[in-house]
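Peer 1: Starting from these lines, generate the structure:
(2 chains, ligands or ions: 4)
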Amino acid sequence: MKERLIVIGNGMAGMRTVEEILKLDTEAYDITVFGAEPHGNYNRIMLSPVLAGDKTIDEIMINDEQWYVDNNITLHKGKTVVDINRKARKVIIDDGSEYEYDRLLIATGSTPFIIPLPGHDLEGVIAFRDIHDVDMMIEAAKNHKHAVVIGGGLLGLEAANGLMQQGMKVTVLHLVDTLMERQMDSVAGKMLRKSLEERGMEILMPASTKEIIGTDRVEKVVLEDGREIEANIVVMAVGIRPNIELAAKVGIHCERGIVVNDTMQTFDPRVYSVGECVQHRGETYGLVAPLFEMAKVCANHLAQHGIALYEGSVTSTKLKVTGIDLFSAGDFTGDENTEELVFQDASRGVYRKLVIEDNKVKGAVMYGDTIDGSWYFDLMREETDIGDFREKILFGQAHLGDSGHGDENRIEMMSDSTEICGCNGISKGDIVNSININKLLTLDEVRAHTKASSSCGSCTGLVESILAHTVGGDYSVAPHLKPMCGCTEHTHDEARKAIKDHELKSVRAALDFLEWNTPDGCGKCRPALNYYVMCQYPDAESDDSQSRFINERAHANIQKDATYSVIPRMWGGGTTPTELRAIADAADKYKIKTVHVTGGQRIGLYGLTKQELPEIWDDLNKAGLVSGHAYGKALRTVKTCVGKEWCRFGTQDSTQLGVDLEKMTWGSWTPHKYKMAASGCPRNCAEATIKDFGVVCVDSGYELHVGGNGGIKVRVTDLLTTVKTSEEVLEYGAAFMQIYREEAHYLERTAPWIERVGLAYVKEHIVDDDDNRKALAERFHFSQSFAQDDPWEARAKGAEKHEFEAMKNINA
Amino acid sequence: MSEEWVEVGSLSDIPKLGARVVNAPDGDIAVFRTASDDVFALRDECPHKKGPLSQGIVHGDRVSCPLHDWKIMLDSGNAVAPDEGCAASYPIKMDGETIFLSLTPNEGCPNKG
Ligand code: SRM
Ligand SMILES: Cc1cc2nc3c(=O)[nH]c(=O)nc-3n(C[C@H](O)[C@H](O)[C@H](O)COP(=O)(O)OP(=O)(O)OC[C@H]3O[C@@H](n4cnc5c(N)ncnc54)[C@H](O)[C@@H]3O)c2cc1C
Ligand code: SF4
Ligand code: FES
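Peer 2: Ligands and ions are numbered 1, 2, ... in the order given. Presented below is the predicted three-dimensional model:
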């Protein structure tokens, strides 16, 4: 007869142990599982996305009931084990029945801590631990408005975010003055607070709760300082306690948790224990990664292999709130023996701090861009000496070489042992092997085969990159699923599609139709929507200037002292004595302090007041100078070299070609700024290979290059194709600009866009498909027929007067 | 304190979700109009680095400063947390469509000019 294994607790650690046993030996045991919850085995971590409405309960089931049947496991769900008779080796169930075991596995998890405040037992006061709690919260949100969450840690913030997504007004009360203080330092904590408040969350801290008041149901929460907060539901998320009640009762040695050795055995050698209920080498854990490691070791011993040891875990944390990226690991506060390396870019909302001791990473906190989290975590666990690259370490792994690599490189450089999925302990090598052996092509397949990215999902992007890198062109990267901003759940692509499908011809129509969470969006989403509407309906006079950033509203670039700059167009970088004279005259007349030759082959005048703008434009217009759109998400410049006309190496008339390109494209609005160049030969004096669209003339014709970028992260162009005539250059130029206009996200330059969709995609639509290219070019020209009006001329003649004049001058 | 009301123009002078500037003896004042036609006046100087708030994007009950994107509450002039600071706010009185502005700022913000 097979030995009998009984598992108490149908949760994540218990069932992972069973899965691991089955992997090693399907015949080892007759397995019986008791679970107090009335469900199969589900992914508890994903309760947060369920509450936020991003996932359904069905989607988070790890093993449904059929799985138990298929694996000959007897599941007793909704049954609590109330006693254990260790002598007779029996467990006793709440309905009085008894079952015998040869081995017992206790995986009872933990229980949420409820502060015994006056009123804690009122209806509507709950924890956040299981499906039942989530059901109660979703139900409460249907009938009530106000929620209070006590506790600003990971769980509390995920609960608060979810309740907000359910439409409730949420106040978070936190005892100390930094959110998630166990994972974040105060800078990252502040950034987190800011993002959450921008979404409409109210956060009070330090705030200590005195009592909860209500007759049957909660009505309000009272703080020690007397403040009162209306509440129809109160979620307590102040911590968890290992659930040792049953074990302690039957005399199994417990301290804070059930004490186990390195083979996950308790003091009773027939009884094993794994999960949050366990205390190992003095530590208890509240995250799945260590529990899964325990499960592996425990299964190894239960299956009689007897070789694995559990030696404790180093853990890292991420917050699962869509649109907020944070990462923390190890000791992030440091002491007198450590140094700190800090990188902060407030405008992009990015912060990184590394704590270093003896050239080794001890801890990390990251906010905003967490891609390198797994690398730092790796360096930390492997205690790598970072001496050779410490000046560059903050910029991330991709910057270890020279400057500017893409994701591809980052994947290439990772060692096979780099951990990708922290929850399941899956390394890059595991994933690559599985992809190759099993011929995997989709993310779901990788999840199914390796478990990578199947728990909390925060490594999904990395797993996708590895997949893309390993299988190459066969794989098309899944779209970014980030919402546009805190005002909505919709992604850029969704908003764009709705604007197209439902003929939303104004920003207001889009906000209403897509049920924005804020009354009129914010400075991030409104300009994006305005662009999408304009791009889709160029003929509908849909442009909303109040949804434009000041530079595009005033057609000049605002400076740090609230003055503006004026940069007129110089077609293809060429100019004339008349134009130069007009610029010199204007510089005199308006007492211009700085006249600067820009990086875009033209001249900038600095320090004008807003009132002066229409006047100087009028003066410049008279010499034929028009707006250079140096202020816009628009066509900027077309740089050229002197080419065949003068240069001894020139192969074609690159100067004229540049002028033609600029005449064709000026005035067009684009997702981000758009720059072009034409060089007369491969010496490439116009730097065409770092432009959004660059032409390099050769003897036989023209090489067309796309997706280049100078600036923050240099990216060299990809070669799109080579054509024979300048007419073709113009056709390809128009088509490429149009596909970028129609498909890129707002504020995404061609370089990241191409990395996202792949060069193959662009070639397929522009080079391989003649009809499509011509159709794109045609749509571009149609749009241009409305866009090519000099905005300066109109304003010099009095349009939009209110933008440039004071409403009233009381000084006069 | 005696309030002195100055007529500065009419509601239609300001675009919805926009702002106009009133040049005043102690410095410019920005007058904002929200989507629901509420009108607010703030000193035209961001508490961060004096960005001209009148040039920002107005949304809900806030304006985003054009220079570094701080959010300022239109009614109180307070910066939205975690940023800290305020721009002085000025009383507004409407008579039908006509806007009256008081040049005596509301109490509570030292940033008067
Ligand atoms: C005026 C000029 C500097 C100069 O005096 O030479 C300039 C000035 C500014 N650049 Fe630039 N850039 C200027 C050429 C460039 C170039 C060189 C070029 O175009 O060949 C680059 C690198 C090439 C590229 O874009 O790929 C460049 C890369 C940037 C970037 C980084 C873009 C990126 O994708 O990484 C920014 C930031 C941004 O756009 O978000 C930026 C942003 C800015 C802003 C608009 C910052 C701002 O928002 O206030 C600066 C405005 C100052 C002003 O009021 O004029 N500027 N900027 C140049 C104007 C060229 C023109 O005639 O229109
Ligand atoms: C909302 C939420 C979000 C989370 N997010 C993350 C995250 O992002 N990353 C991360 O790593 N971790 C996260 N966690 C923590 C993670 O879910 C837990 O660490 C993990 O589920 C613990 O597994 P376990 O098996 O030890 O306990 P559990 O999964 O709680 O399983 C224990 C089970 O035992 C049952 N049980 C208890 N006593 C008995 C008894 N006497 N008889 C029968 N059954 C019994 C319980 O009902 C329960 O179903 C999150 C937790 C929550 C609640
Ligand atoms: S590099 Fe560009 S953005 Fe930076 S200071 Fe110079 S002009 Fe401004
Ligand atoms: S000046 Fe307003 S945000 Fe910096």
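
Peer 1: So which bits of chain B are right by chain A?
Peer 2: Residues of chain B lying close to chain A (CB under 8 Å from any CB of the partner chain) are B:6, B:8-9, B:13-18, B:20-25, B:28, B:31, B:35-36, B:49-52, B:55-60, B:64, B:66-69, B:71, B:80-83, B:103. (C-beta placed from N, C-alpha, C; glycine too.)

Peer 1: and residue B:92, what are its bridge partners?
Peer 2: Residues in a beta bridge with residue B:92, per DSSP bridges, are residue B:101.

Peer 1: Next up, the contacts around it.
Peer 2: Counting by CB atoms under 8 Å, 6 or more residues apart in numbering or on different chains, residue B:92 makes contact with B:31, B:39, B:40, B:41, B:99, B:100, B:101, B:102.

Peer 1: per-residue confidence at residue A:570?
Peer 2: Residue A:570 carries a pLDDT value of 98.

Peer 1: Residue B:3 now?
Peer 2: Note on residue B:3: pLDDT of 62.

Peer 1: Now pLDDT, distance to residue A:103 and neighbour count too, for the contacts of residue B:92, in JSON lines please.
Peer 2: Listed next are those as JSON lines, based on pLDDT from 0 to 100; distance: CB to CB, whole Å; neighbours: other CB atoms under 10 Å in any protein chain shown:
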{"residue": "B:31", "pLDDT": "98", "distance to residue A:103": "77", "neighbour count": "25"}
{"residue": "B:39", "pLDDT": "97", "distance to residue A:103": "75", "neighbour count": "19"}
{"residue": "B:40", "pLDDT": "97", "distance to residue A:103": "71", "neighbour count": "22"}
{"residue": "B:41", "pLDDT": "97", "distance to residue A:103": "76", "neighbour count": "26"}
{"residue": "B:99", "pLDDT": "97", "distance to residue A:103": "81", "neighbour count": "26"}
{"residue": "B:100", "pLDDT": "96", "distance to residue A:103": "84", "neighbour count": "17"}
{"residue": "B:101", "pLDDT": "96", "distance to residue A:103": "81", "neighbour count": "23"}
{"residue": "B:102", "pLDDT": "95", "distance to residue A:103": "81", "neighbour count": "17"}
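
Peer 1: Reformat these as CSV; add distance to ligand 2.
Peer 2: Shown next, in CSV, are those (distance: CB to the nearest ligand atom, whole Å):
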residue, distance to ligand 2
B:31, 47
B:39, 45
B:40, 41
B:41, 46
B:99, 51
B:100, 54
B:101, 51
B:102, 52
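
Peer 1: Just the buried ones among the residues of chain B next to chain A, please.
Peer 2: The neighbour count (16 or more other CB atoms under 10 Å in any protein chain shown) marks B:8-9, B:13-18, B:20-22, B:24, B:28, B:31, B:35, B:50-52, B:55-60, B:64, B:66-67, B:69, B:71, B:80, B:83, B:103 as buried among the residues of chain B next to chain A.

Peer 1: Those in strands, which ones?
Peer 2: Using DSSP state E, the members of those that fall in strands are B:8, B:9, B:18, B:20, B:21, B:22, B:31, B:57, B:58, B:59, B:64, B:71.
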